[in-house]
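Trainee: Model the following, please.
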Amino acid sequence: MPSGVSSTAKAEASASVISRACVPGDAKSFNLFINGEWKSSARTDGKTLPVMSPSDESQIYTCQAATQGEIDEAFNAAKAAQKLWAKTPLWKRAELLKKTAEVMRSQAQEIAKVIQDEVAKPNKAAVSEVMRTADLLDYTAEEGLRLNGELLTSDSFVGEKRNRLCLVQRVPLGVVVAVPPFNYPLNLAGSKLGPALMTGNSVVMKAPSAGAVTGLVGIGACFDMAGCPKGLVNVVTGRGSEIGDYITQHPLVNAVTFTGGSTGLHVAKGVSMIPIQMELGGKDPCIVTKDANMKAAASAIVKGAFSYSGQRCTAVKVLMIVEDKDEVSSVLMPMVMEGVKKLKVGSQYEDNDITPVIDKKSAALIEGLVTDATGKGAKMLLPEDGNFKREGNLLWPTILTGITSEMKLMYEEQFGPVLPITSVPTIEAAIELANGSPMGLQASVFTQDIDQAMMISDQLHAGTVQINGAPARGPDHFPFQGFKESGLASQGVRWSLEAMTKIKSTVINMAQESYQAGI
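Mentor: Numbers count the residues shown, from 1 in each chain. Model (predicted):
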């Protein structure tokens, strides 16, 4: 019988993803997950991957720094497992995803605590990410059961007889490399593994350096406890600068699915003749027209710009207000300011809206963009004293007006709690300014004129345009893609399932024509 989900699945409500993945006796140190086994690195130089707290830069966890030999072991295991998994019935593949989702839900608080520690999400947001990922796996399982092929007949082409039948089916790619980002270390891992596994592939996942333990406990341990066949899912850790190229360019790689920043451009150039699915960030403009519902726009702008401290590819990255003088700003901005002032700033372990950004490098980059803008004439509305406020990696919400194309903030992604604002005289000017970005992930447009909304959407170079709503990835079954440097291929459950397959045709040549009988 083909290998499917183990009949002695190890999912137990009383079990712990932490105890499954950690080094025995040390709940702060974690192993690699290769070929169904949890193992420490065999390296002799003592090198590890320290996981630092965004709050104070102290080391909170220790992960293994995988060697090239251990990465080879993961790929060899994945290749062997994929050959068996491809012969596993769809319903058995769906069963694995659903059992893994059950484990995630039963372990939600433990996984959420790790997310909170590693990437500074408040508990509510961290738990929500776990539950969302479990729901995503369930949905992927159901959608994957309905990924159908088709039958073509030769006589639909002019001049052809009906003597050939073409059976078109989707087949697995093979071994898929999955590289999720730090900001959604579980959900964007699940959005890659679910479709890959459901379509008959195996996976080697390189967990994000910031978010590595989430990858181990939220993916590795959950799949392990759900009875995942050995070698089907492998999770390795290490710095991308040291092992990234070796993983993505490995001779056994058949596809890469990657979410991250400009590093993805390097990855795309390095892989050769294999499918790649990539989302590489965005500089998402928000255009507010004169006839917009200002209250609704203000609420969406506050949420869109500052949720998770602005560390989202789909955050509002620049606000473009269409106005002759200040007739829109004078109404809109007091409401935006009021909303932002209500945001609570502080530790992720308390009920705060703005928490520390991921590390000091990111904090310094954000501060540098603000300094560049103010040095070139931008006016700071928040903080109200006109001074950028930073304590370590904790940045207070910042709003800047008078942004121009000479300032880096117009086109560089800030990935933090900073809202740059510019006023433009016409909708056409807003579109031209928005399309000047090298990125094109999402955009949002606020207007009560649906004809105008569609005209603007058609003209914007963005993978998704939100009408009267903030930029957002999801629900997870919606297509999600970027134009230009923001990505390649589409995500979203159905589109990711298709991206994890290739088309194979089998043509039946008949000795004579055959037509359906008349009734």
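
Trainee: May I see the buried residues of the particular helix or strand that has E143 in it?
Mentor: Using DSSP states H and E, E143 sits in helix 123-144. Buried residues in helix 123-144, counted by 16 or more other Cβ atoms under 10 Å: 123, 125-127, 129-130, 132-141, 143-144. Placement of C-beta: from N, CA and C, glycine included.

Trainee: Give the rounded mean pLDDT of it.
Mentor: Mean per-residue pLDDT for helix 123-144: 98.

Trainee: Show me what it is packed up against.
Mentor: Under the contact criterion of 3 or more Cβ pairs under 8 Å, 6 or more residues apart in numbering; DSSP states H and E, helix 123-144 touches helix 90-106, helix 108-119, helix 187-198, helix 493-499.

Trainee: Report the contact partners of the most centrally placed residue in the chain.
Mentor: Computing the C-alpha centroid of the chain and ranking residues by Cα atoms, centre = their mean puts L188 first, at 4.1 Å. L188 sits next to 180-181, 259 when contact means Cβ atoms under 8 Å, 6 or more residues apart in numbering.

Trainee: wait, which of those is closest to E160?
Mentor: Looking at these and their distance to E160, the nearest is T259, at 43.9 Å (Cβ to Cβ).

Trainee: so the closest one sits right up against P181, yeah?
Mentor: Yes: at 4.8 Å, T259 and P181 qualify as touching, with contact defined as Cβ atoms under 8 Å.

Trainee: D449: neighbouring residues, count only.
Mentor: Using other Cβ atoms under 10 Å, D449 has 13 other residues around it.

Trainee: now it, nearest residue through space, not along the chain?
Mentor: What sits nearest to D449 in space, not counting adjacent residues and going by Cβ to Cβ, 6 or more residues apart in numbering, is D291, at 5.9 Å.

Trainee: Double-check that M454 belongs to a helix.
Mentor: Yes: the assignment for M454 is a helix, going by DSSP: H, G, I helix; E, B strand; the rest coil.

Trainee: State the distance from it to V424.
Mentor: Separation of M454 from V424 (Cβ to Cβ, to the nearest Å): 20 Å.

Trainee: Quick check on those two: which one has the bigger neighbour count.
Mentor: V424 (17 against 14).

Trainee: The closest residue to that one other than its chain neighbours: what's it in contact with?
Mentor: Excluding its sequence neighbours, the residue lying closest to V424 (Cβ to Cβ, 6+ apart) is A430, at 4.7 Å. With contacts defined as Cβ under 8 Å, 6+ apart, the neighbours of A430 are 285, 287, 320, 322, 424, 456.

Trainee: same question, M294
Mentor: 288, 328, 331-332, 335.

Trainee: Now, those residues that are in strands?
Mentor: V288 (DSSP state E).

Trainee: ok, how many other residues are close to T248?
Mentor: 23.

Trainee: do the same with the one 3 residues further on
Mentor: The local packing of P251 (other Cβ under 10 Å) involves 6 other residues.

Trainee: what's the spacing between it and A80?
Mentor: 15 Å.

Trainee: ok, back up a step: can you tell me which of the contacts of A430 is closest to V158?
Mentor: For the contacts of A430, the nearest to V158 is I456 (40.9 Å; Cβ to Cβ).
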